[in-house]
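> Quick one, what's the 3D model for this:
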Amino acid sequence: MSGPAVVIEDLTFRYPDGTIALDGICLQVQKGECVAIIGPNGAGKSTLLLHLNGILRGQGRILVEGMELNRGTLMAIRRTVGLVFQDPDDQLFLPTCLEDVAFGPLNEGLSWDEALARAREALDAVGMAHAADRSPHQLSMGQRKRVALATVLAMRPSILAFDEPSAGLDPAARRQLMRLIRILPQTRILATHDLAMVEEICSRTVILNAGRVTAVGPTDRILADTDLLLRYHLEPPGYRP
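The predicted model follows:
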């Protein structure tokens, strides 16, 4: 299928108290791209990710792999867009890692053997095959994040959306996760404060502020504009005031 992976047109979302979280967002993400969404706390980054597979629904238009998001396409889009949450414990809840990763495929109607094969394949892809029979709660934060990613990969999405992927990781675990995200073949969208990670793995960067896109461009150009970043309470890698 030709065309962009994601198209967002004039997306607006208000919380029940009337607060505007997204205000006329327009954005395209091309297939295979690794795109960063950066901005201060409260900018709308996580809210935007939750719209990509219909967990939240605002006004506007979203197309995913050419499918317009609506009630009729919701299940297909949820199979297409895999969300990886900031806290892996939001995605891990079964006694073993293997069961957690097999859960999605089983709910898609795969047989037990097929689901286990998918789960083992996904755990191997993130370097966690050795932990298949362990409880997720026995693992480090970095290991749990990789198992949470495996739960998403087992569904074979073509788009991955990460919410603060490096949050809470020590330097070694962060580096390991960065290497993994870099080599994944899917379209990748990262909402993050980690501009050093953005610099290394994202080809394009979007700045979000107060629910609006305020800048879009190649990552090297965005991160080189110190005045632009400081305007939105962001600091480029290596910045010294």
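> Helices of the protein, start to end?
Remark: helices assigned in the chain by DSSP state H are 45-51, 74-80, 97-107, 112-125, 141-153, 171-183, 195-201, 219-224, 226-231.
> helices and strands around the second one, which ones?
Okay, so that is helix 74-80. On a contact count with 3 or more C-beta pairs under 8 Å, 6 or more residues apart in numbering; DSSP states H and E, helix 74-80 meets strand 67-68. Any C-beta I mention is one placed from the backbone N, CA and C, and that applies to glycine too.
> Contacts for the strand it packs on next, please.
The set of residues external to strand 67-68 that reach it, using C-beta atoms under 8 Å, 6 or more residues apart in numbering, is Arg61, Ile62, Thr73, Ala76, Ile77, Thr80.
> out of these, who has the most neighbours?
The most crowded member of the contacts of strand 67-68, judged by other C-beta atoms under 10 Å, is Ile62 (24 neighbours).
> Would you tell me which of the helices of the chain gets closest to Leu27?
helix 45-51 (8.3 Å; C-beta to C-beta).
> Please compute how far the closest one lies from its chain's middle.
9 Å (C-alpha atoms, centre = their mean, to the nearest Å).
> Buried residues in it, which are they?
Buried residues in helix 45-51, counted by 16 or more other C-beta atoms under 10 Å: Lys45, Ser46, Thr47, Leu48, Leu49, Leu50, His51.
> which two of those residues lie the greatest distance from each other?
Farthest pair in the buried residues of helix 45-51, by C-beta to C-beta: Lys45 and His51, 11.3 Å.
> what's Trp216 in contact with, if anything?
Slight slip there: residue 216 is Val, not Trp. Val216 makes contact with Leu27, Arg204, Thr205, Val206, Ile207, according to C-beta under 8 Å, 6+ apart.
> Beta-bridge partners for it, please?
For Val216, the beta-bridge partners under DSSP bridges are Val206.
> for the protein, what are the low-confidence residue spans?
Residues of the chain that meet the criterion pLDDT under 70 lie in 1-2.
> With neighbour count and distance to Ser135 added, can I get the contacts of Val216 in a markdown table?
A markdown table is the format used below for the contacts of Val216 (neighbours: other C-beta atoms under 10 Å; distance: C-beta to C-beta, whole Å):
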| residue | neighbour count | distance to Ser135 |
| --- | --- | --- |
| Leu27 | 19 | 39 |
| Arg204 | 18 | 38 |
| Thr205 | 23 | 37 |
| Val206 | 23 | 37 |
| Ile207 | 23 | 40 |
